[in-house]
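K.L.:
Below is the sequence, then the predicted model.
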Amino acid sequence: MRKDRNKKSLNTKAFAAAVVLGVAAIAAASIAAYNRTIDNLTPTSDKNSSNTWVFSAPDSSPVNAEQSGVEREDSISSDVPAQAGLTDDAQSVEASVSEDAEEAEAVNKPVKSEARNIMPVEGEISHPFSNGELVKSETLGVWKTHDGCDILCPLGTDVKSMSSGIVNEIREDPLWGICVVVEQDNGLTVEYCGLAKELNIKTGQEIKEGEIIGKTSDTCQIEIVQEPHLHLGVKQGGKWIDPMSVISKSE
C-alpha cells in the first residue's frame, strides 16, 4: 500500500513539473515574439509627437518598402471617385443637375443682342409695369398686377414692330382685345394689345423693325375707361419684364 501511494505521489509531482515547464516555454516564446516586434519598431523624428512609431519591414521581406509606398499612392489617386462614393448613377445624376443649372442660368441671363427695340408708338407712359406689385384697376376696381405698360396715343395710331421677328399669334381676347404676339429675333416675346381688327400682318409672317403691325383701337375692354393707349407686354424667358427696360433710347 505504501509503495502505491509513493508511486502516485511521484506521478503527481511529475505532472506538475511538466505543466510548469510548459507554461514557462509558452512565456519564453511570447517574450521572444514581443522582443522581435519591438526590435522592428523605430521612433520617428516628428517633433510634434514624441511617441509615434513606424513599422519597418524586415530585410528578408519580399516587399520593398519604397515600392510599396509608391504603389499605394497611385492606388489612392486612381480610386478617389470610388472612395468618394460616386457611382455611375450618382455621376449621371450630378451631370444632369449641372446641365439643368446651366439651362436655368441661360434662361435668366439678360438679352444680349445687337438688335434694337424701338418704341412701337410715341407717347407718355400712363400706367407703367408693376413688377408683380398689385395696383388698382380703374376699369375693374380691383387690385391686380399690371404686366405691361400703357403708352398714350390717339385711336388709329400706327403700331410699329419693336424689332425684327416672326408673327407667332393673332388672337381676339375678350379682355385685351385684338392682340398680336411677335417672337423677336433677339429672344424677346412682344404682345401688342388693344389693336383694331384690320391688321397689316398675318400669322407666320416675318416682319422687320419699324414695320406697321396695325392701328390702336378701343378693343381692350379691361382698360376701357382709361385714355386711348397701346398696352405693350414683353416677356423674356417666359417671364414678364418691364418693356421700357429693353427699348433703346432715342438718338
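P.N.:
Everything's here; your move. Because the structure is predicted, anything quoted here is derived from the model rather than measured.
K.L.:
For the nearest residue to Gly165 once chain neighbours are set aside, give me its contacts.
P.N.:
The shortest distance from Gly165 to any non-neighbouring residue, by Cβ to Cβ, 6 or more residues apart in numbering, is to Gln184 (3.7 Å). C-beta coordinates here come from the backbone N, C-alpha and C atoms, glycine included. Applying Cβ atoms under 8 Å, 6 or more residues apart in numbering, we find Gln184 in contact with Ala115, Asn117, Met162, Ser163, Ser164, Gly165, Val190.
K.L.:
again with Pro243
P.N.:
Contacts here follow Cβ under 8 Å, 6+ apart; on that basis Pro243 touches Phe129, Gly148, Cys149, Val190, Leu232, Gly233, Val234.
K.L.:
In JSON lines: the residues you listed, plus distance to Ile212 and pLDDT.
P.N.:
Converted to JSON lines, those look like this (distance: Cβ to Cβ, whole Å; pLDDT from 0 to 100):
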{"residue": "Phe129", "distance to Ile212": "25", "pLDDT": "98"}
{"residue": "Gly148", "distance to Ile212": "20", "pLDDT": "98"}
{"residue": "Cys149", "distance to Ile212": "20", "pLDDT": "98"}
{"residue": "Val190", "distance to Ile212": "15", "pLDDT": "98"}
{"residue": "Leu232", "distance to Ile212": "15", "pLDDT": "98"}
{"residue": "Gly233", "distance to Ile212": "19", "pLDDT": "98"}
{"residue": "Val234", "distance to Ile212": "19", "pLDDT": "98"}
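K.L.:
Among those, which pair sits farthest apart?
P.N.:
When Cβ to Cβ is used, the two most widely separated members of the contacts of Pro243 are Phe129 and Val190, lying 13.3 Å apart.
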